[in-house]
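Q: Okay, predicted coordinates and the sequence, questions at the end:
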Amino acid sequence: MADSMDEEMSEDTSRLQLDLTCPVCQGIFQDPVLLPCSHSFCGECLRRSFQLKKSCPVCRTALEEGKDIPNRALRDACETFLREANWRPNQKRAGEETCNLHLKPLELYCEKDEEPVCVDCVSLHSTHRLWSLRDGATICKKELGFRVQIFEKKVESYKKMTHKFNNAVEYIKAQAGLAEEQIKVEFERLRQVLVTEEALRLKALGTEEEEKIAALQELNDKTKKDIVDLKELTDSLKKEMGNEDVPLLRNFKNLKRKAEWKSDDPRLSEESLLNMGKHVGALSFKIWKNMQTHVKYNPVVLNPNTASPWLSLNADLTGVKESSERLTTPDNPERFDPCVFVLGVEGYTSGKHRWDVIVGDNPKWVVGVCKESVARKKKFTVSTNRGVWSIGLSKGVYTALTPERTELQVEQCPERIRIKLNMDKGEVSFWDGGTAKHLVTLTHKFDEKIFPIFGPGLHNTPMILAPGKMAVHTS
């Protein structure tokens, strides 16, 4: 009989304790306040809740701050209960697998809110899709599984990028070797007066090589670190996916936040390769003050970092022809591939510019200018509406490469084409460099940097950039 009375008293105490429990902190009310919607909360719990959302934490009714009033009756009841039951404030109910709001077992999973709920929470999720715990765990595991697959694919992709970075490093070393050889040849010709100049240029080359390689090594090291981090993240997610359903579901939001990858994918950036034009392009012109009688000046030199892998450039970057086989080159953003073109090193935004191209007897070629943003990584029809102002030879016909393809009338096949670019007037004109006969003028209001463009065709005969005339005036 005594045991039955004790059990009834315990049940009464539990029910009373539940009535005196704050829905937010799950402890006995402290300084309780009453909302217009009739729900009560600890004063501090309500203030914290209002910082996140201006609504009742239980029924979600929109509320204005300051509408709560002290619930003195509830406060007195809580104080009496604590004295008689010798209860400690903020003591939580036993059992971690119960609803924080209703203290009932978690039996359902809300797909929208991504959290487990009890049966009494159903009314608060009436418009949400609810699943059993097992089905909810399956859904969460499936989503995390997708994340794992993505990260595993990223690991493989990043590994491939490390190989590309290593290849780019070797390519830069090869570029440096070629540039060094050309510099030495040119300086040997001018050795007597330019020993100091040679040393300075080699030092500049070595510095840029070290900087470019160091930058790629740093990027490579970061990519390797990302691979390690991705593996650790993947392993961590796999481990969490092996947990029991409820702990998994409770931790699902944190897992989703953890399963985010915000780092940019690795790639070669622009200007990642050596600026070969700086070191070997028009080298003799750069030293003309000291060696005027030995200077060879080219108004335009080629940029090997833009050259199609099917093109081979000569050492001083003034000639280009078909390569007997596809060259192994980095897939840097500036390079044309699959189109077979190469650009000049220098781009223009103003002024007048002129250069001659020796096309010889090549049966197919394209020469002209293009905008900096011209497509590099896809095939395109060469035309003024694609940002290329040029003329070409194909199947014995000379053509201005406009949308309507204007045929050019020539008395004899020109072996040298002269290009005159007037940026200020928006004109690019083409001439027979041998007879000085005008062929065609194309007009456009150039609104970005313009580069010389060359399409030598796939032939063994090189296309040569003719040296320009130079006059030196001193006073």
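A: Thanks, I have the structure now.
Q: The closest residue to Glu415 other than its chain neighbours and Thr80, how far apart?
A: Once flanking residues are discounted, Glu415 sits nearest to Gly360: 5.5 Å by C-beta to C-beta, 6 or more residues apart in numbering. C-beta coordinates here come from the backbone N, C-alpha and C atoms, glycine included. As judged by C-beta to C-beta, to the nearest Å, Gly360 and Thr80 stand 107 Å apart.
Q: pLDDT below threshold where in the stretch 151-300 of the chain?
A: Within the stretch 151-300 of the chain, the segments meeting pLDDT under 70 span 288-290.
Q: could you redo the last one with a cut-off of 90?
A: 178, 181-202, 229, 233, 236-272, 276-297 (pLDDT under 90).
Q: Where do the helices of it begin and end?
A: 191-241, 245-250, 252-258, 276-280, 283-286 (DSSP state H, counting those that start in this stretch).
Q: any chance of these in JSON lines, with distance to Asp76 and mean neighbour count too?
A: Compiled in JSON lines, these are given as follows (distance: least, C-beta to C-beta, whole Å; neighbours: other C-beta atoms under 10 Å):
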{"stretch": "helix 191-241", "distance to Asp76": "46", "mean neighbour count": "15"}
{"stretch": "helix 245-250", "distance to Asp76": "36", "mean neighbour count": "18"}
{"stretch": "helix 252-258", "distance to Asp76": "39", "mean neighbour count": "14"}
{"stretch": "helix 276-280", "distance to Asp76": "85", "mean neighbour count": "21"}
{"stretch": "helix 283-286", "distance to Asp76": "93", "mean neighbour count": "18"}
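Q: Of the ones you listed, give the one that comes closest to Phe29.
A: helix 245-250 (25.6 Å; C-beta to C-beta).
Q: Off-centre distance for that closest one?
A: Taking C-alpha atoms, centre = their mean, to the nearest Å, one finds helix 245-250 lying 35 Å from the centre of the chain it belongs to.
Q: ok, now stretch 22-38?
A: Distance, centroid of stretch 22-38 to centroid of chain: 49 Å (C-alpha atoms, centre = their mean).
Q: Quick check: which of the helices of the stretch 151-300 of the chain is nearest to Arg15?
A: From the helices of the stretch 151-300 of the chain, taking C-beta to C-beta, the stretch that ends up closest is helix 245-250, at 25.7 Å.
Q: looking at the helices of the stretch 151-300 of the chain, which is closest to Leu52?
A: helix 252-258 (14.6 Å).
Q: From the contact counts, what lies against that closest one?
A: helix 133-189, helix 191-241 (3 or more C-beta pairs under 8 Å, 6 or more residues apart in numbering; DSSP states H and E).
Q: Next, the angle from the first one to helix 191-241.
A: Same thing as helix 133-189. 170 degrees (axes from the mean of the first three to the mean of the last three C-alpha atoms, to 10 degrees).
Q: and helix 133-189, what other elements does it pack with?
A: Looks like helix 133-189 contacts strand 108-110, helix 191-241, helix 245-250, helix 252-258, helix 276-280, helix 283-286 (3+ C-beta pairs under 8 Å, 6+ apart).
Q: Same list (those) but as TSV, adding distance to Lys379.
A: Shown next, in TSV, are those (distance: least, C-beta to C-beta, whole Å):
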stretch	distance to Lys379
strand 108-110	51
helix 191-241	29
helix 245-250	50
helix 252-258	42
helix 276-280	26
helix 283-286	35
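Q: so which of those gets nearest Pro309?
A: Comparing those under C-beta to C-beta, the one sitting nearest is helix 276-280, at 15.9 Å.
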